[in-house]
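Sharing a model prediction with you, sequence too.
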Amino acid sequence: MAEHGSITLRLAFDVSRTRAELRASEERRADLVGLAARFRTGGQLGPTTLHVDIEDLLTNLHAISTWPDHQGVEWAPELRELVLSSMRDAETVKKQLDAPDALTADLESEDVISRLGPDWIAPLTSFQKRDIAKLLTLQHGASFSVPGAGKTRVALGVYSAMKTAGSVRRLMVVSPKSAYESWNYETGACFASPMRTTLVEAGRDQWAEVLIVNYERLDKSLAFLAAWLREAPSMIILDEAHRMKLGARGKYGAACMALGPLARRRLILTGTPAPNGAKDLENLLGFVWPGYGQRTVTQAVAGGDLAHASAVLRPLFTRTTKQELGLPPVTARVTRVPLTPLHDEIYQALAGDMSARAEVSAGDFAALGKSALRLLMAATNPSLLLEGSSKYEPVEYRLPPLDAPPGGSLYELLKNLSDYELSPKYAEAASIVAANAERGRKTLVWTTFVRSLTSLAKLLEGFGPAVVHGGTPDREEELRRFRKDPDCMVLISNPATLGEGISLHQVCHDAVYVDRDFLAGRYLQSLDRIHRLGLAADVETRVTVLAAEQTIDEVVEVRLQDKLDFMSRVLDDPSVQQLADLQEAPSIVGGLDTADIRAVLKHIGRQEGEG
């Protein structure tokens with residue numbers, strides 16, 4: 001509080017909680033104008049009111065010290081705590097950077113189990129104990145361990161230790177719907193007295209200790225969630241946190257940024273922290289450590305030396321690598337599938353048509369993204385072009401049926417499509433499923449588009465297929481059939497629906513990708529549905545990626561590898577390169593970034609030239 005009750009500047013959150021509101025007394029109007037000029041995002045709503053983005057405020061806290069009346073400055077308690085906790089973590093990280101060996105020794109000697117409390121009963125691996133120990137040295141934290149490393153259990157261990165210490169009393173988990181199963185299981189398995197858990201959509205449970213909400217419901221439930229966090233000292237966990245990688249610029253990110261300061265402790269979990277580069281990582285760490293987190297990432301990668309960036313950023317997160325899991329290796333291969341003559345003609349005609357219009361739409365990312373999606377459809381099954389996308393697709397994949405002008409070559413070719421033989425990629429996928437079934441091995445088949453998924457289900461109906469997509473009424477029953485029914489030999493899904501949170505490694509060791517898109521992280525997440533902690537040492541895991549020759553599939557392959565290489569260097573983890581890379585929430589239609597668009601334009605230009 002300001003002394004003598006004379007407040008000349010008050011700082012608090014605005015209603016969005018992603019900005020600070022600075023209110024000056026009437027006689028300090030001129031000083032507020034000068035203060036606004038010191039902030040990049042400063043904007044005056046009136047002569048005595050200034051709004052500043054939280055990141056900007058925390059990055060430039062020194063500006064507040066220029067206020068002429070130091071004694072007249074008052075901070076709202078929640079904003080003050082955010083500032084202080086960010087500064088405390090910054091000091092801890094600085095100490096670790098200055099003397100990393102000393103702090104590491106302390107962590108290794110710490111008896112983690114004793115801090116989890118008498119109710120904790122779940123076993124922990126050595127790397128899980130190591131990660132819990134490191135996270136407990138920070139006020140807030142991030143786990144970037146690979147999918148399948150047991151991040152859920154690590155997070156619950158941190159919460160249990162904080163609860164035992166009396167720092168928090170309840171837990172809010174923000175996660176995809178697909179991860180509900182994992183959280184419900186772990187909150188029961190880790191404690192002698194299972195934690196009382198409820199879902200936001202189930203209505204209010206005043207006795208619940210754990211509240212779970214999916215990202216899609218955040219915005220609509222924001223007032224309720226904020227009140228829930230205020231009622232008691234709480235911890236908030238963002239599971240698959242890459243969902244809010246756009247930060248305050250995205251709907252999910254803005255909601256998370258608004259809720260974060262209300263929690264005593266913030267923790268993010270994702271094996272894919274930077275799907276399209278450093279900006280994604282900035283926004284994630286900006287949630288954990290507003291001001292400091294984003295500034296640190298920006299400075300670390302500014303010079304382009306990713307080895308240096310990795311060294312700087314390491315104290316900010318824990319990461320268990322694939323090698324540390326001790327899993328048997330994956331046998332992975334790309335099978336290149338030649339197109340039949342008619343299929344190839346349709347693809348070339350579509351690419352030529354798009355090339356003719358590419359110059360006009362060069363600045364329209366949405367239009368170019370849709371063009372890329374159509375090419376992905378054409379490379380897989382041209383009939384998808386006529387049908388368009390299903391209403392159950394994620395919004396970024398929705399396309400109307402292709403409007404091919406009568407008289408054009410593409411129109412004439414598509415007219416003959418009813419006589420078109422089976423898609424070569426579908427035929428190859430069916431052959432693999434049949435061979436696996438003959439050996440008693442179940443197969444997980446991935447494809448991007450819902451209509452492709454349902455077409456495959458008809459083709460594979462002899463294998464009792466389970467099918468899961470955005471419109472599946474009872475996905476739990478479909479998963480139960482795949483796991484338990486000996487006649488169900490194949491599960492067909494898309495990574496947008498089932499790429500996160502589900503464990504299938506107990507029953508399935510074969511995956512086939514009929515197609516892939518540009519979301520490298522989603523691909524990595526989906527791979528780890530069958531290659532996870534707990535896999536027996538003698539199990540052979542096999543992954544086959546189908547790629548149509550001389551199509552956009554080859555562009556996807558190169559772009560995924562480029563993104564993978566970036567992440568492997570910034571995380572100082574070469575093992576990332578073994579299979580795939582990192583993702584999330586699409587920035588434009590189809591999830592393409594600027595470099596993806598350039599690669600697609602080059603591809604269709606080359607196709608036109610060859611035609």
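Alright, I've got the coordinates. Numbers count the residues shown, from 1 in each chain.

Confirm L535 sits in a strand?
No. With DSSP: H, G, I helix; E, B strand; the rest coil as the criterion, L535 is assigned coil and is not in a strand.

Provide a list of residues in contact with it.
With C-beta atoms under 8 Å, 6 or more residues apart in numbering as the criterion, the residues that contact L535 are 327-328, 505, 541. No exception for glycine: its C-beta is placed from N, CA and C like everyone else's.

pLDDT score assigned to it?
L535 carries a pLDDT value of 86.

ok, which pair from the contacts of L535 is furthest apart?
P328 and H505 (10.8 Å; C-beta to C-beta).

Surely R40 is in contact with D56?
Yes. Counting by C-beta atoms under 8 Å, R40 touches D56, with 5.5 Å between them.

between those two, which one's more packed in?
D56 (19 against 10; other C-beta atoms under 10 Å).

check contacts around that one.
39-42.

most neighbours, which of those?
Of those, with other C-beta under 10 Å as the count, G42 tops at 21 neighbours.

Give me the nearest residue to that one, chain neighbours excluded.
Counting by C-beta to C-beta, 6 or more residues apart in numbering, G42 lies nearest to A36, which is 3.9 Å off, once chain neighbours are set aside.

Tell me how far L238 lies from N283.
Distance check for L238 against N283: by C-beta to C-beta, to the nearest Å, it reads 11 Å.

so what sits against both of these two?
M244.

Centre-most residue in this structure?
Nearest residue to the geometric centre of the chain (C-alpha atoms, centre = their mean): H242, 2.7 Å.

Would you mind confirming that it makes contact with N283?
No. Counting by C-beta under 8 Å, N283 is not a contact partner of H242; they are 9.5 Å apart.

Let me have the contacts of L535 in TSV, extended by pLDDT, distance to L384 and neighbour count.
What follows is the contacts of L535, written out as TSV (pLDDT from 0 to 100; distance: C-beta to C-beta, whole Å; neighbours: other C-beta atoms under 10 Å):
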residue	pLDDT	distance to L384	neighbour count
L327	84	35	22
P328	87	36	14
H505	92	31	20
T541	92	29	20
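
can you list these in a markdown table and add secondary structure and distance to M489?
A markdown table is the format used below for the contacts of L535 (DSSP: H, G, I helix; E, B strand; the rest coil; distance: C-beta to C-beta, whole Å):
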| residue | secondary structure | distance to M489 |
| --- | --- | --- |
| L327 | coil | 24 |
| P328 | coil | 22 |
| H505 | coil | 17 |
| T541 | strand | 17 |
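
any chance of the residues you listed in TSV, plus distance to D305?
Formatted as TSV, the contacts of L535 follow (distance: C-beta to C-beta, whole Å):
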residue	distance to D305
L327	31
P328	35
H505	37
T541	35
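
Nearest to D344 among the residues you listed?
Set against D344, the nearest of the contacts of L535 by C-beta to C-beta is T541 (33.0 Å).

Give me the phi and psi angles of the residue nearest to the centre of the chain.
With angles defined as degrees, to the nearest 10, H242 sits at phi -60, psi -10.

What pLDDT is listed against it?
pLDDT, H242: 86.

repeat for C190
Confidence for C190, expressed as pLDDT, is 96.

Could you check how far the nearest residue to it once chain neighbours are set aside is from Y185?
Distance criterion C-beta to C-beta, 6+ apart; nearest residue to C190, sequence neighbours excluded, is A122 at 4.0 Å. In this view, A122 and Y185 are 11 Å apart by C-beta to C-beta.

Can you pick out the residue with more neighbours from those two?
Neighbours per residue (other C-beta under 10 Å) separate A122 from Y185, with A122 holding more: 16 against 12.

Double-check that the more buried one belongs to a helix.
No. Counting by three-state DSSP, A122 is not found in a helix; it is coil.

re earlier: pLDDT and secondary structure added to the contacts of D56, as CSV?
As requested, the contacts of D56 are arranged in CSV below (pLDDT from 0 to 100; DSSP: H, G, I helix; E, B strand; the rest coil):
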residue, pLDDT, secondary structure
F39, 93, coil
R40, 89, coil
T41, 89, coil
G42, 89, coil
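
Any idea how many residues pack against the residue lying closest to E324 once chain neighbours are set aside?
Counting by C-beta to C-beta, 6+ apart, E324 lies nearest to F127, which is 5.1 Å off, once chain neighbours are set aside. Here the number of neighbours of F127 (other C-beta under 10 Å) works out to 20.

Help me confirm that F127 comes into contact with Q323.
No. Judged on C-beta under 8 Å, F127 makes no contact with Q323 at a distance of 10.4 Å.

ok, the contacts of D56 vs G253, which is closest?
Nearest member of the contacts of D56 to G253, counting by C-beta to C-beta, is T41, at 15.8 Å.

any idea how far A595 is from that closest one?
Separation of T41 from A595 (C-beta to C-beta): 28 Å.

Any stretches of the stretch 351-500 of the chain with poor pLDDT?
Scanning the stretch 351-500 of the chain for pLDDT under 70 picks out the ranges 356-365, 405, 407, 416-421.

quick one, strands of it?
Under the criterion DSSP state E, counting those that start in this stretch, the stretch 351-500 of the chain contains strands at 442-446, 466-468, 490-493.

Point out the most buried one among those.
Comparing those by mean neighbour count (mean count of other C-beta atoms under 10 Å), strand 490-493 comes out on top with a mean of 28.

Run through the neighbouring helices and strands of that one.
For strand 490-493, the packing partners by 3 or more C-beta pairs under 8 Å, 6 or more residues apart in numbering; DSSP states H and E come out as strand 442-446, helix 450-459, strand 466-468, helix 475-484.

Please consider this matter closed, and thank you.
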